[in-house]
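J.: Mind looking at a prediction? Sequence and model below.
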Amino acid sequence: MRLVWASFVLFVVLLSVPGVSAASQLSCRFTTQGEVCQSAQGEITVYHLFDVMNSHIEMPSQTKFAQNISFCCKVNDNSNVILQGGACAAGPIMGQDKMILMRLAQATDSHAQKTTYTGTPYTTDLCLGIANTGKGTGASCSYKTTCSGDELCFGSIKQDTNSHVGDCSSSAYATKICCDLGWDVTGPTVQLDPVSSPTSNTEPIITGTATDTSLPIFQVWVKINSTVTGDTIIAGNATLNTPGSLVTNFVFAPELTTVDHSYLVTIYAVDNGQNKGAAKTAPLVVDVTPPVVTLSTAASATADTTPVFSYTATDATTQIKTLKYQVKKATGGTVVIDWTTIQTPNTFETGTLTDETYVVTLRATDSVDLSATDEEIIIIDTKAPTTTDNVDGSVTYSPSGVTFDLSCNDDYGGVAGSGCATIKWCLAPGDAQTPCTVQEQGSIVDGKVLVAPPECVSGVCTWKIFYRSIDGVGNTEAIKQSAIIVLDAESPTCTLTALPAYTPTNTVSLIWTTETGSSGTPIESVVIRYKKTGDTSETEVPATISPTAIGNLATNTEYQFRCLATSGTGQTGSSTAVKTYIDTVPPRITVYPVPSFLNTTEVPIFWLANDTNTSVSPPIGSGVVSLTFQYRVNGGTWATWKVLEKTDPGFSTNPTTPQKFGKDNIPVSLTSGATYDIRVLATDAAGHNSPVPPPATVLIDFGKPVCSLDDLPPFAPLDGDATVSWTSIDTGGSGVAFATIKKSANPPNWQDIPPVENDPTGSEVIDLANGQTVFFQCRAFDFAGNKGDASEIVSLSADYAGPTIGVTTATSVKLLENLSVAATILDHFNEIESVSLTFNGSTVVTTSITASSDNQTWNVTWTVPSAGKGKGIYSFSITATDALGNENTTTKTFSIVTCVEGSTKSCGSNVGVCEAGIQLCVDNEWEDCQNQTLPTVEVCNNKDDDCDGSADENLTKSCGGPNIGVCKVGMQTCLGGVWTNCIGAVYPETSEFCGDDLDNDCDGSTDELCACSQGDTQACGSDVGVCSKGTQTCTSSGVWGDCEDSVDPIQEICGNGKDDDCDDSVDNGCDVVGTCSNGFQDANEAGVDCGGVCPTSCETSLIDSPYFIFTLIGVVMLVALLGVVLFLRSRGKELTWDEVLSRWS
């Protein structure tokens, strides 16, 4: 449908004869049908029309409408004037005076557009150009309902854009193209608003008003020149508030990059006739740099309460407008004198100020109110400084190295003065009655001067200091004097009491006394200084009370001590040194062990005494000087310590001998069974006793130990290892040291088993062979060396084999049947204890058991529950156990088959259209089901095709549509083997409804054949399924072109999971197995277009298809529409789409 409209829509032209409007210089007219402009009479062609009304238009250079209607213009009274009509950018005079009548979409057969249209503009401007008038033209055009005054009518236009045009007759369009073409030689006048100058704004705003009496203002030209160099800095057009009017305000905002400069602004206006008005000028000064200001004073501090300041203030571009000063306190910022205008050049004097530090600020302001400041700090000081000393008259000082401070302060009540400049002083004897001359002075550091009296060589010396200070502005203090300085050169004494030769602790207590010198200056401190003998450096500790304890001293070391007293003046006196040897480690003694058990009548004892200690340095102590011992019986009371008399010949009581050796027999009557503890003690020269060592202990034992074997069971354990246990005792007290075990299969041929020490009650594991009997005997030995007698003999036999198992059963059983099993159980040595059968992880219940008289033979039966198992090979296990726990297990296998060879059974289903078949057993397996009818895909036939008990369930298919434009696909449902009516479908309209932006006929194009503007675009097509929308572009004929870059629907491809026909349904109609596509609905395809290998019969023909009906209706509508268009074309008429709808819908 879109192609039919694009091919046959034509413009219908209504012909009319125009009237002629004229001005004194120019006349224009519309020709009659078929007449052309008379170039011989000076007429030029401005444009061509197809007809006088409702017409398309073309440029004068085109020939399609050249023999229809032409618009012609000529000059009446000036043969030198040249006219040209056509495209504004063509020809020799179009660059001079011209007026734009309208814009065209294309050069020929075009719609028109007003020049005032603000939308997308047409690309071809239609102009009338005028040259060589010698006066300018002032040509201008506008769109009015009626042209007035000297205005000529250049045609009429229906609407702002995409419009037809007509002539200027009474039946023309309401909007006329009116142009004023009178010559104008008078330029506009300019009224310039006051320009702010000087200014600090680098982007000043220049405004004013331009006025013309006859022609609209075309432009206002602004030029800014430097008055220094004469160069043009900026030139350009001002912005007009109401362009195209006789009176307009204008604004010009230049950006001046050269600052601190003087300019001249020149402005003039030009009207549409290129008439230039008189220029207006105005000065402009731009100043962006503040003034330069400096402030200075003769001195930073003064005693003058009205100080004088010097200053300079200059500005490179403008004048200094004001000069003011301000005074405020430096601390806190309190303003004392607020901004005060300076009346005198170069200098000014402040108002009266009190003692304080001030900040004085000078501020200069130029003609554009740019300011700069400078400031100075000044101190007002009218008071003398104050000096103090740090001499303490109650203190006696050292005779040498004493220094005193003289401190100067020039602050009063927190207010800083000019500062101390000089401190003068002198020294006089302490008994001086008059001041000495204060002329000595030193460098003031942190407000202080240091004064050092001469050294006092002996006895007591006294001095005084006389002093005064002068501040930075000359204020002088009255002379002062210090307290009397006392220097004492006498020394005190200190005495220490002697110490013992050896000290047993790490701490020494020192007793000391002190005595002052003859001057009586109190002793201020006492210290103890000590060192190891032989060292050169001493350690010092303060001593406040006598005695003074000195701790943490090293052991086995000799120390020397002395005390030192210091007086209040720093004089010292020292004592002579005292000595002591520090020994804090007791001696050590080792008692060597004797045998723990003896069967003798004497006990020897050995020891080693030592006063060395290798964990300290030096290791040598004060030395062992004596040894003592004691003993006890059976843990009783210890006997009294006794001196060891029988010693080694090398033993000595000399402390310098570090080790003492000794040996003795304890003089005690010994009793069998009694325990004796003996210990020895050593004492060194410092009085330390050694730690009491662990005692040496011995037990006296004369008795024999006894060993006996435990009773054994008749048979050994089943693991093959027999355990023989025994018990040994020793009545003498030393305990069983070990026992020996003997074994024999035929006594008295005995075989020894290795002895087990320290185990009076023990066991041995003996390995016996099956059916073997072994005999055993034991003997005990104690720790004192006594041997016991042999024990009684015991025996043990071995039985390790489990019962034997014999099984009787079938090798196979049918599916769903159980297995019978029988077994005979036999044991040659012991009774049978139990028997069980295990199948598939579970114990099977025993059916029956028959036992022999000696219980060593059992006959057992089971029924194995194999009916629930599938075909295959299975196994079961039988386990038998005798009275000793010996166990034996045997495993058997059997087969379960599926079916009996040659038997049959029913298979398949008899639901719906399905029918059951038969299965046959071959090689104990069921063959495939034969002669059955299987389910098929459900179709709309009122049958249960898929054999699920329901017919035609959930069958639907798409109908109507397609899903393009306003159209929608509907849905049909199978009911009773018949498709129901189409529900929810929206069908296409027979034609488009222009202007509603909808695709009414569902062909993928919106408002095709409706009027449009060349170059406009719109979406077309569908974006349902695999389809995607394309783009239509408006052609030069004002109609929509073909849909480009769209993806259109195709026949549904079954099985690809896509909506190929874009009806919003995937694989719709694809419910038949093996469908194909030949364009027709063959066999039972249930609405699916098919092809390929299909049955030759068809249920639905092409004529029965609803798509055939839609196609036929569309062809009839196109033929009818073509007849209407041809009829109108023969009448020379053009109808718009709106008119076609209004006449024929």
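T.: Nice, thanks for sending it over.

J.: Relative to T879, how far out is the closest residue to H828 other than its chain neighbours?
T.: Counting by C-beta to C-beta, 6 or more residues apart in numbering, H828 lies nearest to Q856, which is 7.2 Å off, once chain neighbours are set aside. (Each C-beta comes from the backbone N, C-alpha and C, glycine too.) Distance, Q856 to T879, using C-beta to C-beta, to the nearest Å: 17 Å.

J.: And for P254?
T.: In terms of C-beta to C-beta, P254 sits 118 Å off from T879.

J.: What of T808?
T.: Distance, T808 to T879, by C-beta to C-beta: 17 Å.

J.: Please identify which of these two sits among more neighbours.
T.: T879 (18 against 11; other C-beta atoms under 10 Å).

J.: Quick check: closest non-adjacent residue to that one.
T.: Per C-beta to C-beta, 6+ apart, closest to T879 is T889, 4.4 Å.

J.: Note down every partner strand of whichever strand or helix holds T697 and its orientation.
T.: T697 belongs to strand 696-700 when assigned by DSSP states H and E. Its sheet considered, strand 696-700 pairs with strand 597-598 (parallel), strand 675-684 (antiparallel) by DSSP bridges.

J.: Can you mark which positions in that strand are buried?
T.: A696, V698, L699, I700 (16 or more other C-beta atoms under 10 Å).

J.: Equivalent analysis for stretch 450-461, please.
T.: Neighbour-count burial for stretch 450-461 [16+ other C-beta under 10 Å]: V451, P453, C456, V460, C461.

J.: any idea how far the residue nearest to I511 when sequence neighbours are not counted lies from V774?
T.: Nearest non-adjacent residue to I511, counting by C-beta to C-beta, 6+ apart: T497, 4.0 Å away. Distance, T497 to V774, using C-beta to C-beta: 90 Å.

J.: With neighbour numbers in mind, choose between these two.
T.: Shown here are T497 and V774; by other C-beta under 10 Å, V774 has more neighbours (22 against 13).

J.: Local confidence estimate at the more buried one?
T.: pLDDT for V774: 85.

J.: Repeat that for the one 3 residues further on.
T.: Q777 is assigned a predicted lDDT (pLDDT) of 86.

J.: List the residues that contact it.
T.: Counting by C-beta atoms under 8 Å, 6 or more residues apart in numbering, Q777 makes contact with L709, I741, K742, W750, A790, S791, E792, I793.

J.: give me that answer again for 10 Å
T.: 707, 709, 726, 740-744, 747-748, 750, 790-794 (C-beta atoms under 10 Å, 6 or more residues apart in numbering).

J.: Give me the subset of the residues you listed lying in strands.
T.: C707, L709, W726, T740, I741, K742, K743, S744, V794 (DSSP state E).

J.: Can you measure across stretch 865-875, start residue to end residue?
T.: Terminal residues of stretch 865-875 lie 12 Å apart, using C-alpha to C-alpha, to the nearest Å.

J.: Can you point out the buried residues in it?
T.: S866, Y874.

J.: List the contacts of it.
T.: Defining contact as C-beta under 10 Å, 6+ apart, one finds that stretch 865-875 is touched by 811-819, 838-840, 842, 844-845, 864, 876, 891-899, 924-925.

J.: and the ones in strands among the contacts of Q777, which two are the farthest apart?
T.: C707 and S744 (16.8 Å; C-beta to C-beta).

J.: which of those two has more neighbours?
T.: More neighbours surround C707 than the other of C707 and S744, with 24 against 15 (other C-beta under 10 Å).

J.: Please list only the buried members of the contacts of stretch 865-875.
T.: 813-815, 819, 839, 844, 864, 876, 892, 894, 896-897, 899, 924.

J.: Now, those residues that are in strands?
T.: V813, K814, L819, F839, V844, V864, F876, K892, F894, I896, V897.

J.: Farthest-apart pair in these, please.
T.: Those two in these that are separated most widely, counting by C-beta to C-beta, are V844 and V897, at 21.0 Å.

J.: Model confidence at the residue nearest to T879, what's the number?
T.: 92.

J.: again, but for S734
T.: Note for S734: predicted pLDDT of 83.

J.: Quick check: the gap between it and F781.
T.: 10 Å.

J.: got any residues that touch both of these two?
T.: Shared contacts of S734 and F781, defined by C-beta under 10 Å, 6+ apart, are found at P705.

J.: Which one's more surrounded, these two?
T.: For S734 versus F781, the count of surrounding residues by other C-beta under 10 Å is larger for S734: 26 against 21.

J.: which stretch of helix or strand covers the more buried one?
T.: S734 belongs to no helix or strand, assigned by DSSP H and E.

J.: In contact with it, which residues?
T.: S734 neighbours (C-beta under 10 Å, 6+ apart): 595-599, 672-673, 675, 698-703, 705, 782-786.

J.: Only the buried subset of those, as a ChimeraX command please.
T.: To isolate the buried members of these in ChimeraX, using 16+ other C-beta under 10 Å:
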select :595,597,598,599,675,698,699,700,701,702,703,705,782,783,784,786
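
J.: can you give me the mean pLDDT across stretch 862-875?
T.: 82.

J.: Run the chain-centre distance for that stretch.
T.: Counting by C-alpha atoms, centre = their mean, to the nearest Å, stretch 862-875 is centred 66 Å from the centre of its parent chain.

J.: Equivalent analysis for stretch 252-259, please.
T.: Counting by C-alpha atoms, centre = their mean, stretch 252-259 comes out at 49 Å from the chain centroid.

J.: Could you work out the end-to-end span of it for me?
T.: For stretch 252-259, the end-to-end distance is 18 Å (C-alpha to C-alpha).

J.: Now do the helices in this protein.
T.: 2-8, 1106-1130, 1137-1144 (DSSP state H).

J.: Return the member of those having the minimum mean pLDDT.
T.: helix 2-8 has the lowest average pLDDT among those, namely a mean of 31.

J.: need the contact list for the residue nearest to T879.
T.: Here T889 is in contact with G802, I805, S836, T838, S877, I878, T879, A880, T881 (criterion: C-beta under 10 Å, 6+ apart).

J.: Apply 8 Å and report the result again.
T.: I805, S877, I878, T879, A880 are the contacts of T889 under C-beta under 8 Å, 6+ apart.

J.: if I look at it, how far off is S110?
T.: 112 Å.

J.: picking up where we left off before, for the buried ones among the contacts of stretch 865-875, which one is nearest I44?
T.: For the buried ones among the contacts of stretch 865-875, the nearest to I44 is C899 (114.0 Å; C-beta to C-beta).

J.: Surely that closest one touches N924?
T.: Yes - assessed by C-beta atoms under 8 Å, C899 is found in contact with N924 at 6.0 Å.

J.: what is in contact with the two at once?
T.: Going by C-beta under 8 Å, 6+ apart, no residue sits against C899 while also sitting against N924.

J.: distance of the residue nearest to A421 when sequence neighbours are not counted from G961?
T.: Nearest non-adjacent residue to A421, counting by C-beta to C-beta, 6+ apart: G472, 4.9 Å away. Taking C-beta to C-beta as the measure, G472 and G961 are separated by 108 Å.
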